[in-house]
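> below: sequence and its predicted model.
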Amino acid sequence: MHPEPPPPSSRRQACLRAMRAAGLAVWVCGLAAAPHGLHAQGHPPWQTEDVRQQARDLLQRWHAGAFLALDDEALVRSFRALSPEVLATALALGASQHEGLEIWMKRQERIHGRWSDKPFLNHIKYRRQPRQVYMAWLPGGPKAGQEILYDARRRPDAMYGHLGGAFNVMSIWTALDGSLARENSNHSVLDLSPRFIADVVAAELQRYRAEGRSPQADSFEVLTVAGQRCLALGWTPSSGPPAHYAARTRICLNLRQPWVLQVESWDAEGDIQERILFDKIVPATFTDGDFDPANAAYRF
């Protein structure tokens, strides 16, 4: 169980001042373009049973390694022939096939107009039901040693965390959408899995359809990202936020597993806004102990 929030004290206030000064880099300011769990509230109208069956067939091919065996031309041709609805559904189904995921991530974002040249290195334990998240900042990246915990059953509107290094004075509760949370990320602590990207793709599909435009990707190209061959799909909508997720978005599909390897977005001036690389994702079975601040492996 998480401890109750500590009472106001000079030590707590000092910790808060230190956290504001150092900036607790947490993904907690809310999803900018797509509601989290888009499909959790029922299938969208375009996701018919036929679409779902085609998506399941696609996932079978994906799991079997069929796309790894294709040359570049055949790979592009295969995905160009897919309907956007089938691809969006396959990404959602693929990202939701496991209750728990252990994720290693590299993340860069433009926050308050400044690009983080050195990526954050994060280790994440993510559990869908109940919604629980543990996140650590790893050595080699900024703010190493920081940790946060989120448990929807305990505090659905807050997370528990501490800074790293000399600023680890104490652990505190902080609001998911408070000013402290918004200082160092454009995303929510709930947006830490491939399902977030699947929801973005689905939300964009609905926006394109509402505008009377095909949501088919504008570009298809084979790239090598983090040493892995992948297929990159790019979209350039008629406008950026808030009408769309970004002025330009590119997702790189992991050909080994049915989810996204990397997502990037740019603004209307061509400046990159984010680059999120899912370095490694491993299906995992977690217990409540994995999300308990008393866990001996953590430093809360």
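Right, received. Where do you want to start?

> now the helices for this protein?
10-22, 49-63, 72-80, 84-95, 179-182, 194-210 (DSSP state H).

> in terms of mean pLDDT, which of these ranks lowest?
Looking at these, the lowest mean pLDDT belongs to helix 10-22 (a mean of 42).

> that older thread, most tightly packed of the helices of the chain?
Ranked by mean neighbour count, the helices of the chain are led by helix 84-95 with a mean of 24 (mean count of other CB atoms under 10 Å). C-beta here means a position set from N, CA and C on the backbone, and glycine is covered the same way.

> could you give the angle of it to helix 49-63?
Interaxial angle of helix 84-95 relative to helix 49-63 (axes from the mean of the first three to the mean of the last three CA atoms, to 10 degrees): 60 degrees.

> any idea how far helix 84-95 is from the chain center?
On the basis of CA atoms, centre = their mean, to the nearest Å, helix 84-95 sits 16 Å off its chain's mean C-alpha point.

> helices or strands up against it?
For helix 84-95, the packing partners by 3 or more CB pairs under 8 Å, 6 or more residues apart in numbering; DSSP states H and E come out as helix 49-63, helix 194-210.

> got the CA positions of that helix in PDB?
What follows is helix 84-95, C-alpha atoms only, in PDB (Å, rounded to 0.1, in the frame of the first residue of the first chain):
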ATOM      1  CA  PRO A  84      -6.200   2.100 -42.300                       C
ATOM      2  CA  GLU A  85      -9.000   0.700 -40.200                       C
ATOM      3  CA  VAL A  86      -7.400  -2.800 -40.300                       C
ATOM      4  CA  LEU A  87      -4.000  -1.400 -39.300                       C
ATOM      5  CA  ALA A  88      -5.400   0.800 -36.500                       C
ATOM      6  CA  THR A  89      -7.400  -2.200 -35.200                       C
ATOM      7  CA  ALA A  90      -4.300  -4.500 -35.400                       C
ATOM      8  CA  LEU A  91      -2.200  -2.100 -33.500                       C
ATOM      9  CA  ALA A  92      -4.900  -1.800 -30.800                       C
ATOM     10  CA  LEU A  93      -5.300  -5.600 -30.500                       C
ATOM     11  CA  GLY A  94      -1.600  -6.200 -30.600                       C
ATOM     12  CA  ALA A  95      -0.900  -3.600 -27.800                       C
END
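
> what's the neighbour count on Ser265?
26 (other CB atoms under 10 Å).

> the protein: strands as residue ranges?
Along the chain, counting by DSSP state E, strands occupy 100-111, 114-115, 120-127, 132-137, 147-151, 158-162, 172-175, 219-225, 228-235, 248-254, 260-266, 272-283.

> got the angle between the first one and helix 84-95?
Going back to what we said before, that points to strand 100-111. Going by the same axes, to 10 degrees, strand 100-111 makes 120 degrees with helix 84-95.

> beta partners for Asn122?
Note on Asn122: beta-bridge partners by DSSP bridges are Met105, Trp137.

> for it, give me its contacts.
103-107, 135-138, 141 (CB atoms under 8 Å, 6 or more residues apart in numbering).

> run the last query once more with 7 Å
By CB atoms under 7 Å, 6 or more residues apart in numbering, the contact list for Asn122 reads 105, 107, 135-138.
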